[in-house]
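Colleague: kindly return the folded structure for what I paste below:
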Amino acid sequence: MKDLMGQAIWDYHHQDSPENLQTETSISEWDELPIAHLFREFGQMNSLEQKALQLAKGKTLDVGSGAGSHSLFLQNERNLDVTAIDISPKAIEISKLRGVQNPICTQLLDFQPNEKFDTILLLMNGTGIFETIGKTDIYLQKLHSLLHDNGQILIDGTDILYMYEEEDGGFSIPMEHYYGELDYWVHYKHQSEEPIKWLYLDFENLKEIAENNGFKTEIILEEGDSYLASLVKV
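Modeller: Sure thing, here's the model as predicted:
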């Protein structure tokens, strides 16, 4: 694993000739991701992120923590006990340097903490980590096991049905797989990673799967085609 996202975070923090990341998916062209976006403070975050950070409570797990910006706000401004996990060794190292108190480099499915959590955050298209709609049960069962009774998951996602709309107003939806299942590439400084599976999950499917896995689910906030949802363990 090349860890290009982590390398970009590392370069930006150390001001070592950082460049913007380029991303692409199986249904979209190359797009620039300014690396400064991963270092935003609360006032620069979108309304879904801000609302999630305001609703977090108790012992909190930040999944896919990146450079640690969400964790730092919860830790420093909300005085919460935060654990940050990410698969990128370099991102975790930068999180430590930025002051995140408990960053851990691990895959979510491999994570074996000693305690359970009151809040779990999955932000910046948090449903992406589920990979495919078929694996969503596995990830939600894992998340369920990490929560205290009545604990909450705060997760954002996007319904990308609009990406398949045609000029006549109809939709050209793939038949072989769920339309939100994409291959996702990261490029940085003329290097490319192997594609990963990344899931854009509409709320109705998230709600059905989550409720089958022991969660009460509701939309907290919507912004365009994106939403913030609360999944409460029952």
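Colleague: any idea how far residue 88 is from residue 68?
Modeller: Residue 88 is 11 Å from residue 68, where distance means C-beta to C-beta, to the nearest Å. The C-beta positions use only the backbone N, C-alpha and C, and glycine is treated the same way.
Colleague: ok, the two, which is more surrounded?
Modeller: Neighbours of residue 88 and residue 68, each counted by other C-beta atoms under 10 Å, are more numerous for residue 68; the result is 27 against 23.
Colleague: give me the nearest residue to that one, chain neighbours excluded.
Modeller: What sits nearest to residue 68 in space, not counting adjacent residues and going by C-beta to C-beta, 6 or more residues apart in numbering, is residue 95, at 3.5 Å.
Colleague: Three-state assignment for the one you found, please.
Modeller: What DSSP: H, G, I helix; E, B strand; the rest coil gives for residue 95 is helix.
Colleague: how near is it to residue 64?
Modeller: For residue 95, the distance to residue 64 under the criterion C-beta to C-beta works out to 12 Å.
Colleague: and residue 109, by the same measure?
Modeller: For residue 109, the distance to residue 64 under the criterion C-beta to C-beta works out to 13 Å.
Colleague: okay, these two: which has more neighbours?
Modeller: Set residue 109 next to residue 64 and count neighbours by other C-beta under 10 Å: residue 64 wins out with 20 against 11.
Colleague: list the helices and strands whichever strand or helix holds residue 150 packs on?
Modeller: Under the criterion of DSSP states H and E, residue 150 resides in strand 147-158. In terms of contacts (3 or more C-beta pairs under 8 Å, 6 or more residues apart in numbering; DSSP states H and E), strand 147-158 is packed against helix 47-55, strand 117-122, helix 203-212, strand 226-233.
Colleague: apart from its neighbours in sequence, what residue is nearest residue 116?
Modeller: Leaving aside its sequence neighbours, residue 116 sits nearest to residue 148 (C-beta to C-beta, 6+ apart; 4.7 Å).
Colleague: distance check, that neighbour against residue 191.
Modeller: From residue 148 to residue 191 the distance is 42 Å (C-beta to C-beta).
Colleague: quick one: strands adjacent to the helix-or-strand element of the chain with minimal mean pLDDT?
Modeller: Least confident helix or strand of the chain, by mean pLDDT, DSSP states H and E, is strand 28-33 with a mean of 94. The sheet places strand 28-33 alongside strand 21-25 (antiparallel), with pairing taken from DSSP bridges.
Colleague: span of stretch 77-84 from start to end?
Modeller: Start and end residues of stretch 77-84 are separated by 16 Å (C-alpha to C-alpha, to the nearest Å).
Colleague: residue ranges with poor pLDDT in this structure?
Modeller: When residues are selected by pLDDT under 70, those of the chain lie in 1.
Colleague: mind running it again at 90?
Modeller: For the chain, the stretches flagged by pLDDT under 90 are 1-2, 166-171.
Colleague: picking that back up, got the helices and strands packed on strand 147-158 as JSON lines, with distance to residue 160 and mean neighbour count columns?
Modeller: Formatted as JSON lines, the entries for the helices and strands packed on strand 147-158 read as follows, by distance: least, C-beta to C-beta, whole Å; neighbours: other C-beta atoms under 10 Å:
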{"stretch": "helix 47-55", "distance to residue 160": "16", "mean neighbour count": "19"}
{"stretch": "strand 117-122", "distance to residue 160": "17", "mean neighbour count": "24"}
{"stretch": "helix 203-212", "distance to residue 160": "12", "mean neighbour count": "17"}
{"stretch": "strand 226-233", "distance to residue 160": "10", "mean neighbour count": "21"}
